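Chemist: could you work out the structure for the sequence below:
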Amino acid sequence: MAHTPIQSVDSPIEISSDNGVNWKVIICVSSWTVPITTNSTDTATQCGLFVGLGAIQFNPTIQAVCSYEQGFIEASYNDCLTWQVGKTPLLFRVQSPVFGSYALGEAYYLSGSCYVTDTSLIDNTNDPVKFSVTLKGFDALTIH
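Modeler: All right, here's what the predicted structure looks like:
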């Protein structure tokens, strides 16, 4: 059976600063990750190991290239920095694209509330100016 890979260009991370009314795509993304972890504690006893599970944490990180041109539905380094300095609560989402008989978000869908907690401007000789953004999720992570 052949498998069709999902192309990264078709699955951008989207950010909303107005509670999901409008969504913006981070401009010129080169990579993103959405690590999801569960807080846990281990207790070793004479009966064996017991694991206590706590809150789910999600902290998306995004690497992108700075650009002068920015469309209406694109977010730049300056947007991310403004959200961080303003302590603006945001929504993020990432979802698999529509493909053939598959619906939007069918392979994966992640969304949640977050803050920008880190923005870094990166300038290396002979390379475009880049930036990275770290989001700190809070409340529940939505999947489906």
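
Chemist: use CA for all of it now, contacts and neighbours both
Modeler: Fine.

Chemist: show me the contacts for the residue nearest the centre of the chain.
Modeler: Note on the chain: the residue nearest the mean C-alpha position is P60, at 3.7 Å, using CA atoms, centre = their mean. Applying CA atoms under 8 Å, 6 or more residues apart in numbering, we find P60 in contact with 32-35, 134-137.

Chemist: can you rerun that using 7 Å?
Modeler: 33-35, 134-135 (CA atoms under 7 Å, 6 or more residues apart in numbering).

Chemist: can you tell me the closest non-neighbouring residue to it?
Modeler: V34 (4.2 Å; CA to CA, 6 or more residues apart in numbering).

Chemist: so for that neighbour, what pLDDT did the model give?
Modeler: Note for V34: predicted pLDDT of 95.

Chemist: quick check on it: phi, psi?
Modeler: Dihedral pair for V34: phi -130, psi 80, per degrees, to the nearest 10.

Chemist: ok, it touching T61?
Modeler: Yes. Counting by CA atoms under 7 Å, V34 does reach T61; the two are 6.5 Å apart.

Chemist: ok, those two, which is more surrounded?
Modeler: The residue with more neighbours, out of V34 and T61, is T61; 19 against 15, by other CA atoms under 10 Å.

Chemist: who does that one form a beta bridge with?
Modeler: With DSSP bridges as the criterion, T61 is bridged to T33, T134.

Chemist: show me what contacts it?
Modeler: T61 makes contacts with 32-34, 133-135, as judged by CA under 7 Å, 6+ apart.

Chemist: ditto for V133
Modeler: When contacts are counted by CA under 7 Å, 6+ apart, V133 is found next to 61-63, 116, 118-120.
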